[in-house]
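*Asks:* Predicted model, plus sequence, below.
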Amino acid sequence: MAAAATMATAAPVAAASAAVTATVASRGTPCAGATASASSCSGAAVASGLPCAVTAAGLASANVASNRDDGNATESHEEEDGRDTHGARIWAMRLRRQVDLARVNRSVAELALPEAVWKSCPWQPRELIETGLRQWLRCAGAALRYRQVIGMPSHAVDEAWHGLILCTSTYSVFCESAYSQFLHHHPDGLGSPSQGSMIEQLRRTVVAWTLVAGADETCVLWDLDFQVALDEPWGIEQEQVDAVLADVTKLSRR
């Protein structure tokens, strides 16, 4: 899968991906597919047929661009990079029209989860896992909008997502309503090397959250598996989350 043209020009703002160098792990255990195996499913999300960029810098710069006028957001990266990205700018604007994050948030809020979702997700409290699932689906909207692959930080939420996908009619209608396309699940999480490592994918999930979070809204995904007492939890250490958020803040001030 080729690197995305839309956000590949964001290389000069690589601080968002470079700052977090420590291993993203669930307190000593491999996190969310850090070791690829049939039982360690990462849940990376990507739109069918769309290429994806390789670092968190893409989503981080998207976070900055989303607070600017669409007509000059990509142009600023064009000037930094010194390359002609006119076509990339046009395509980025087209994508932003296709995946509207406000619509994603509304569709996720209105989604009625069938009872079958919980067949493979027995952990409690269910309300916490449901909150995590809805937050994940919102993050996936940001990933689709900016053609990024993100990593799943919670095994419990991943199982709930599996259950939702198996409710094929409900899931397909939801995807069309929220994203205008089908949100695919990639169990191995890594796929093409161009998608980046699981650590990079998890960094992007943190950045994606900044694009969809409400005012003073707390993300439950990072340590949810510990909250529901999974035997082999996934997760992201809070200090790693804070490091990514600090880089996003720095980029937003440029």
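*Replies:* In hand now; what should we look at?
*Asks:* just checking, next helix/strand downstream of the host helix or strand of residue 135?
*Replies:* Following DSSP states H and E, one finds residue 135 within helix 126-145. Sequence order places helix 155-166 as the next helix or strand after helix 126-145, per DSSP H and E.
*Asks:* if we can go back for a sec, buried residues, the helix holding residue 135. List them.
*Replies:* Buried residues in helix 126-145, counted by 16 or more other C-beta atoms under 10 Å: 126, 128-145. C-beta: built from backbone N, CA, C; applies to glycine.
*Asks:* swap in stretch 207-224?
*Replies:* Quick answer for stretch 207-224 (16+ other C-beta under 10 Å): 207-213, 219-224.
*Asks:* Among the residues you listed, which pair sits farthest apart?
*Replies:* Maximum pairwise distance in the buried residues of stretch 207-224, criterion C-beta to C-beta, is 20.8 Å, between 211 and 223.
*Asks:* Surely residue 130 touches residue 112?
*Replies:* No: between residue 130 and residue 112 there is no contact, the gap being 11.1 Å when judged by C-beta atoms under 8 Å.
*Asks:* all helices of the chain, in order?
*Replies:* Taking DSSP state H, the helices of the chain run over residues 5-8, 15-18, 56-65, 70-81, 86-98, 101-110, 126-145, 155-166, 168-179, 198-212, 224-227, 238-252.
*Asks:* Comparing those, which yields the minimum mean pLDDT?
*Replies:* Least confidently modelled of the helices of the chain is helix 5-8, at a mean of 22 by mean pLDDT.
*Asks:* With residue 232 as the reference, measure out to the residue nearest to residue 219 when sequence neighbours are not counted.
*Replies:* Counting by C-beta to C-beta, 6 or more residues apart in numbering, residue 219 lies nearest to residue 209, which is 5.1 Å off, once chain neighbours are set aside. Relative to residue 232, residue 209 is positioned 23 Å away (C-beta to C-beta, to the nearest Å).
*Asks:* Residue 127 now?
*Replies:* 22 Å.
*Asks:* just residue 120 next, same as before
*Replies:* In terms of C-beta to C-beta, residue 120 sits 15 Å off from residue 232.
*Asks:* Neighbours of residue 197, how many?
*Replies:* Using other C-beta atoms under 10 Å, residue 197 has 15 neighbouring residues.
*Asks:* Can you read off the backbone torsions of it?
*Replies:* phi -70, psi 170 (degrees, to the nearest 10).
*Asks:* heads up, I number from 895, so please use that
*Replies:* All set: I'll call the first residue 895, so the last point we hit is now residue 1091.
*Asks:* coming back round to it: isn't the residue nearest to residue 1113 up against residue 1035?
*Replies:* No: applying C-beta under 8 Å, one finds residue 1103 not in contact with residue 1035, separated by 11.1 Å.
*Asks:* which residues does the nearest residue to residue 1028 once chain neighbours are set aside contact?
*Replies:* Excluding the flanking residues, the one nearest residue 1028 by C-beta to C-beta, 6+ apart is residue 1002, at 5.0 Å. Applying C-beta atoms under 8 Å, 6 or more residues apart in numbering, we find residue 1002 in contact with 1028, 1031-1032, 1035, 1072.
*Asks:* what about residue 1002, distance to residue 1021?
*Replies:* 15 Å.
*Asks:* repeat for residue 1031
*Replies:* 16 Å.
*Asks:* go on, residue 1147?
*Replies:* Applying C-beta to C-beta to residue 1147 and residue 1021 gives a distance of 36 Å.
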